[in-house]
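*Asks:* My questions concern the predicted model and sequence given below.
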Amino acid sequence: MKKHILFTGGGSAGHVTVNTALIPYFQKNGWKTSYIGSKNGIEQEIITEQFPDIPYHGISSGKLRRYFSTKNFSDPFRVLKGLMESLKIIRKTKPDIIFSKGGFVSVPVVMAAKMKGIPVAIHESDVTPGLANKLAIPFATKIFTTFPEALQHTPEEKSICAGAIIREELFKGNPAAGRKITGFHNLKPVLMIMGGSLGSRKINDAVRQNLDSLLERYQIIHLCGKGNLDFSLQRDGYLQYEYVSSELTDFLAITDMVISRAGSNSIFEFLALKKPMLLIPLSKEASRGDQILNANSFVKQGFALKVEEEELSPQSFIRKLEELENKQTQIKTAMESGLEAYTIDDMYQVLSKMSLL
């Protein structure tokens, strides 16, 4: 019989990316694969689009909030419902191992796996674990971290720093295809601007208020998030997208510099591709501060420049971008001696052994 690995994770694109990197490798090696995510979450859209052959199981998912909300009283019942649904799915599908990338939806899945005696691997992308992974860690068999600093926050006996798991297709981007899709030429550098899967109004505003001066120096691919397109801005050399999937590797192949949030998966992909980056992490008011720690780590190692969201203005945006352009060579040199990381095959070998437990 085929071995079976069940993946879980969701709530944002960052909680799916590592899964989408691993799924093809397990399929290539003859494994049955399936997925548990939330009903109608972004993970359902990504998984069903990229892997239409994979059974996708939607479960009830509450949100784990750090602030007061009346929904905090009802969401535990949604988590409990998700736990019962996860137990039913696991009993039916009988996975040999479960791999969790985190997010609220993963908590009941990991708990159900522990109850059924199934090995669970958790991957934590940030310098400090998110609330969902904090709750899930006691139920995990093994914890993989991306940043070495994260090992200070996880149980030593079952934790290992594996680094970032990078999608193999990321290195297969075709510059000719990228230029054909965009219509861009070789006479100006290409700047990619990303606000995350949900976009960022502050980053979008800083770009658009400087658009005419930016286009004198760059061609721009602007991933501005769902519902954030501005149809009044039609310029040669400026392309807006809510979100891209299959085109991203070709776009990155023609990109010279990146302006981005500081989500772990994205910034490690830029590091792997040696793309100098200006990071604008989510503020502590809008998050738990994980992106600030991620950005600080990269700045310390010389991989990136940073501007705090509170300091972001049309003027500071331009100043930092000019600094990034001037330091491209220095940043690329630092990137050449970047962090060691597990390959996808390394991760496959470890998870295969875990499935025998």
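*Replies:* Happy to help now that I have it. Computed from a predicted structure; not experimentally measured. Numbers count the residues shown, from 1 in each chain.
*Asks:* What's the mean pLDDT across stretch 327-335?
*Replies:* On average, the pLDDT along stretch 327-335 is 95.
*Asks:* starting at the chain centroid, how far to it?
*Replies:* Taking Cα atoms, centre = their mean, to the nearest Å, one finds stretch 327-335 lying 23 Å from the centre of the chain it belongs to.
*Asks:* mind listing what's buried in stretch 89-99?
*Replies:* Within stretch 89-99, the residues scored as buried using 16 or more other Cβ atoms under 10 Å are 89, 90, 95, 96, 97, 98, 99. C-beta coordinates here come from the backbone N, C-alpha and C atoms, glycine included.
*Asks:* so what's the last one scoring on pLDDT?
*Replies:* The one in question is residue 99. On the pLDDT scale, residue 99 gets 98.
*Asks:* Kindly report the same for the second one.
*Replies:* Looking at residue 90, its pLDDT reads 97.
*Asks:* Doesn't it belong to a helix?
*Replies:* Yes. The assignment for residue 90 is a helix, going by DSSP: H, G, I helix; E, B strand; the rest coil.
*Asks:* Double-check residue 174 against residue 251; I have them as touching.
*Replies:* No. Applying Cβ atoms under 8 Å as the test, residue 174 and residue 251 come out as separate, 10.3 Å apart.
*Asks:* quick one: which of these two has more around it?
*Replies:* Neighbours around residue 174 and residue 251, counted as other Cβ atoms under 10 Å, are more numerous at residue 251. The numbers are 23 against 13.
*Asks:* so the more buried one is in which element?
*Replies:* Secondary structure from DSSP states H and E places residue 251 in helix 248-253.
*Asks:* what's the answer for residue 240, then?
*Replies:* strand 238-241.
*Asks:* Convert the C-alpha atoms of that strand to PDB, please.
*Replies:* Extracted C-alpha coordinates of strand 238-241, given in PDB (Å, rounded to 0.1, in the frame of the first residue of the first chain):
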ATOM      1  CA  TYR A 238       3.700  49.600 -14.400                       C
ATOM      2  CA  LEU A 239       1.700  46.400 -13.900                       C
ATOM      3  CA  GLN A 240      -0.700  45.700 -11.000                       C
ATOM      4  CA  TYR A 241      -1.800  42.300  -9.900                       C
END
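*Asks:* For residue 12, see how far away residue 103 is.
*Replies:* Note on residue 103: its distance to residue 12, by Cβ to Cβ, to the nearest Å, is 7 Å.
*Asks:* Comparing the two, which residue is more hemmed in?
*Replies:* Neighbours per residue, other Cβ under 10 Å: of residue 103 and residue 12, the larger number sits with residue 103, 27 against 18.
*Asks:* Surely that one and residue 132 touch.
*Replies:* Yes. In terms of Cβ under 8 Å, residue 103 counts as a neighbour of residue 132; the distance is 5.7 Å.
*Asks:* Give me the common contacts of those two.
*Replies:* residue 11 (Cβ atoms under 8 Å, 6 or more residues apart in numbering).
*Asks:* Give me the residues contacting the longest strand that the chain contains.
*Replies:* Criterion DSSP state E: the longest strand present in the chain is strand 32-38. Applying Cβ under 8 Å, 6+ apart, the external contacts of strand 32-38 come out as 2-11, 19, 23, 26-27, 43-44, 47, 51, 54-61, 86, 89, 93, 95, 104-105, 109.
*Asks:* Mind doing that once more with 7 Å?
*Replies:* With Cβ atoms under 7 Å, 6 or more residues apart in numbering as the test, strand 32-38 has contacts from 2-8, 10, 23, 26-27, 43-44, 47, 54-59, 61, 86, 89, 93, 105, 109.
*Asks:* Sheet partners, orientation included, of it?
*Replies:* strand 4-8 (parallel), strand 56-59 (parallel) (DSSP bridges).
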